[in-house]
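S.K.: Dropping the sequence and predicted coords here.
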Amino acid sequence: MTVAADGAALRRAVCAAPDDDLPRLVYADWLDEHGDSARAEFIRVQCEQARTPWMSARWRQLHRAADHLRRGHQAEWSANVDGVARYGYLGRGFVETVYMFSKRFVTHGNKLLDAEPVHTVRLIDLHAAAGAVPVREFVASPPVARLRGLDFGNSVLTFSEMEDISYAGTGPLAGLRDLTLEGGAIIGPLLVGLMRRLGGLKHLRVRPWDGGPARSVLEVLFREKAFERVETLDLSGTEVADAVPALAASRHAAGLTRLHLAQACDAAGIAALAASTTLRNLAVLDLTGCPVTDADVQALAGAVFAPTLKVLVVRQSQVPRANAKRFAGLFPQAEVVV
């Protein structure tokens, strides 16, 4: 077997087991042996970063190292998606997320997934005249069934489109673990129906519109038993501050390990999080851009999740950066990022 054939075989092994780090690290060793130490180190660094708590000191160090290694190599290392996707986002050393039109994915998706271990598609405008297919056609296409993540965040979903996504939950979308939704048509019953059908969903980002409707949508979600399966919830940048107390009180929120509320939590929500008796497994809490005070950090240090918390992010808050080290001492193992 030639050197090129060896490399191609190792890449196929990576694509065949996209969740496994081992084939990637084996390929990194092969790259080292064949003179591509930069790509080899990049794979190792990003694999470690993916296993490291988000925004921790070590994560930030690895993020900087990966950015340095990627400089000047992005086009080369994502060349397999050229001409198909608008952009390929590198994760764990390979293209894991692509930004592209739905029509192109329906047509070229299987070939793309054979070439790179892509797990998530971020869709460009679903309503683009030239680049989109109807949502019903998209979610029923064979390559979609191979995905682990779908990001509809760049499109304003209609009621019928939400229905199409929901009904596909027991079919083509049954393997989804990561989902981003946005739009005024995100209503409680549809979201709950989707949650019930997507039995493997672990990571959810929801961006409903407007404070009043958004609150009612999320309160319905937080009362749903299927919400117990969600490990990561991201409500960042949404007008949902008045729904945070309902989340903190939800008896179905114990499965959450990461909660992102950047610019989406007010003083009442922070107090509710600190008093929660159900969020006992949180490892990451992101309160970037929220009105967090020194007293709030001290209250959070007494929360039920304090023993499991690894990272508390309070950037762009009322907490002085100089207090970060002092506050870190309040938590058994958490780093406070100010």
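M.R.: Looks like it arrived, so ask away. Numbering: from 1, shown residues only.

S.K.: In stretch 50-70, which residues are buried?
M.R.: Thr52, Pro53, Trp54, Met55, Ser56, Trp59, Leu62, His63, Ala65, Ala66, Leu69, Arg70 (16 or more other Cβ atoms under 10 Å). Every residue, glycine included, has its C-beta placed from N, CA and C.

S.K.: out of the residues you listed, which are inside helices?
M.R.: Counted as lying in helices by DSSP state H, out of the buried residues of stretch 50-70, are Trp59, Leu62, His63, Ala65, Ala66, Leu69, Arg70.

S.K.: can you give me the helices in the stretch 51-200 of the chain?
M.R.: Listed in chain order, the helices found in the stretch 51-200 of the chain under DSSP state H, counting those that start in this stretch are 57-70, 74-77, 102-115, 135-140, 159-167, 188-197.

S.K.: Got the domain ranges for the protein?
M.R.: Following automatic domain parsing, the chain resolves into domains at 1-74, 78-201, 229-240+250-338.

S.K.: Turn those domains into a markdown table, including mean pLDDT and distance to Arg207.
M.R.: Converted to a markdown table, the domains of the chain look like this (pLDDT from 0 to 100; distance: least, Cβ to Cβ, whole Å):
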| stretch | mean pLDDT | distance to Arg207 |
| --- | --- | --- |
| domain 1-74 | 95 | 19 |
| domain 78-201 | 91 | 4 |
| domain 229-240+250-338 | 92 | 5 |
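
S.K.: want to throw those domains into TSV with distance to Pro208?
M.R.: TSV is the format used below for these (distance: least, Cβ to Cβ, whole Å):
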stretch	distance to Pro208
domain 1-74	24
domain 78-201	4
domain 229-240+250-338	7
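
S.K.: Between those domains, which one is closest to Ala214.
M.R.: domain 229-240+250-338 (4.9 Å; Cβ to Cβ).

S.K.: And that closest one, how far out from the chain middle?
M.R.: 18 Å (Cα atoms, centre = their mean, to the nearest Å).

S.K.: related to what we said a few turns ago, relative to Val230, which of the buried residues of stretch 50-70 is nearest.
M.R.: Of the buried residues of stretch 50-70, the one sitting nearest to Val230 (Cβ to Cβ) turns out to be Trp54, at 16.3 Å.
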